[in-house]
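Asker: quick one, what's the 3D model for this:
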Amino acid sequence: MLSRTASNLYWLFRNTERADFVARILDATMRLAALPTSYNGERNEWESALASAGNIALFEQHYDVVNEDTVRDFLAFSPHNPSSIRSCLEYARTNARAVRTALTAEMWETINDAWLQLKNSRGNDMDRDAFSDFLEFTKTVSLHFDGSAYRTMLRNDAYYFTRLGVSIERADNTARILDVKYHVLLPETERVGGSLDYFQWTTILREVQAHTAYHWVYREAVKPWHVADLLILNRQMPRSLACCYESLVRHLDLIADIYGRRGRSQRLAATTSARLGASRIEEVFGHGLHEWVGEFIVENNRLGAEITEQYLI
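Answerer: Sure, this is the predicted structure:
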């Protein structure tokens, strides 16, 4: 396979996964912003949405104030933001066109129809209900696109590169939402385990589709250390860091078998996966959740760079 084809497949799935993540961040933020002000005197939900997406510096270049209208516009529709929902779906459609013959009909129709529908929508005309419908539309597109790939693609190197894109992007997204929740979103005046803390963790569980899974695993009220354990170390949870790295190791090994050569990306993925397997949530909190997650994000970015160097350029 040409590296250009592999790159387009990899980024096609990273972009659709990122659009889904931004939609979930915005949905969670709207839920948190709807809390009564009696919970907390100084609110920072919309700042936390920007922090989750890692776009604060770029936002400040184009907007003077952080509020619901500006953050919604920036994260959902702004052409100046390469990680906005609109930009991600536009890039995904461009990636898809470049590798049209490597996709099944179902995959192409899903991403092309989504882009045509999005192109005709106007974000500044949306009230809250319409915007919520738009976020649901985005999440549905990502679900249908990934599902069509899973059900219709041959299990060959093309499919394996799509899985790399999904897994590395999902690991980054899960780590960022955990980091922002614990380091940014909970005010200094609010105690861990308080009513606001409980509502925030529950909202995040719902937004990463893990609320039901949490109760299947722990069978008790939502507790921060259990949520962190589920989203970091539980390999049965599809969005957990451990599960993402299990997928990365497996598909990097399958690619190496096809091309007959292993490299730094295989070694780095295996090392990180082994570290996750040997970790305990008590050790993570003992080290500091913010510090631990920050180090993971750096390692995950390093793996992305190694994959690019080894296969995509």
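
Asker: tell me which helix or strand comes right after the helix or strand T271 falls within.
Answerer: Per DSSP states H and E, T271 falls inside helix 264-278. Later in the chain than helix 264-278, the nearest helix or strand by DSSP H and E is helix 281-287.

Asker: and that next one, what does it pack against?
Answerer: Under the contact criterion of 3 or more C-beta pairs under 8 Å, 6 or more residues apart in numbering; DSSP states H and E, helix 281-287 touches helix 224-232. (C-beta placed from N, C-alpha, C; glycine too.)

Asker: list the buried residues in stretch 274-285.
Answerer: L276, S279, I281, V284 (16 or more other C-beta atoms under 10 Å).

Asker: isn't the second one up against L233?
Answerer: Translated: S279. Yes. S279 is in contact with L233 according to C-beta atoms under 8 Å; the separation is 6.0 Å.

Asker: which residue ranges of the stretch 1-150 of the chain form helices?
Answerer: 3-33, 45-53, 56-62, 68-72, 85-98, 105-119, 128-152 (DSSP state H, counting those that start in this stretch).

Asker: now for the longest one, which elements pack on it?
Answerer: In this case it means helix 3-33. helix 45-53, helix 68-72, helix 85-98, helix 128-152, helix 157-180, helix 195-207.

Asker: G263: which of those is closest?
Answerer: helix 157-180 (13.5 Å; C-beta to C-beta).

Asker: what angle sits between the closest one and helix 45-53?
Answerer: Put simply, helix 157-180 runs at 140 degrees to helix 45-53, going by axes from the mean of the first three to the mean of the last three C-alpha atoms, to 10 degrees.

Asker: how far does helix 157-180 sit from its chain's centre?
Answerer: 7 Å (C-alpha atoms, centre = their mean, to the nearest Å).

Asker: just the mean pLDDT for it, thanks.
Answerer: Average pLDDT, helix 157-180: 93.

Asker: before we move on, what about stretch 118-136?
Answerer: pLDDT averaged over stretch 118-136 gives 85.

Asker: alpha carbons only: can I get that stretch in PDB?
Answerer: The C-alpha coordinates for stretch 118-136 follow below in PDB (Å, rounded to 0.1, in the frame of the first residue of the first chain):
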ATOM      1  CA  LEU A 118     -23.500  19.700   7.200                       C
ATOM      2  CA  LYS A 119     -22.600  22.100   4.400                       C
ATOM      3  CA  ASN A 120     -26.200  23.400   4.200                       C
ATOM      4  CA  SER A 121     -26.500  24.000   8.000                       C
ATOM      5  CA  ARG A 122     -26.100  27.400   9.600                       C
ATOM      6  CA  GLY A 123     -24.700  27.300  13.200                       C
ATOM      7  CA  ASN A 124     -25.700  30.900  14.000                       C
ATOM      8  CA  ASP A 125     -29.300  30.100  13.400                       C
ATOM      9  CA  MET A 126     -29.500  27.200  15.900                       C
ATOM     10  CA  ASP A 127     -31.300  27.500  19.200                       C
ATOM     11  CA  ARG A 128     -30.300  25.000  22.000                       C
ATOM     12  CA  ASP A 129     -32.700  22.300  20.800                       C
ATOM     13  CA  ALA A 130     -31.500  22.600  17.200                       C
ATOM     14  CA  PHE A 131     -27.900  22.600  18.400                       C
ATOM     15  CA  SER A 132     -28.500  19.400  20.500                       C
ATOM     16  CA  ASP A 133     -30.000  17.800  17.400                       C
ATOM     17  CA  PHE A 134     -26.900  18.700  15.500                       C
ATOM     18  CA  LEU A 135     -24.600  17.100  18.100                       C
ATOM     19  CA  GLU A 136     -26.700  13.900  18.000                       C
END
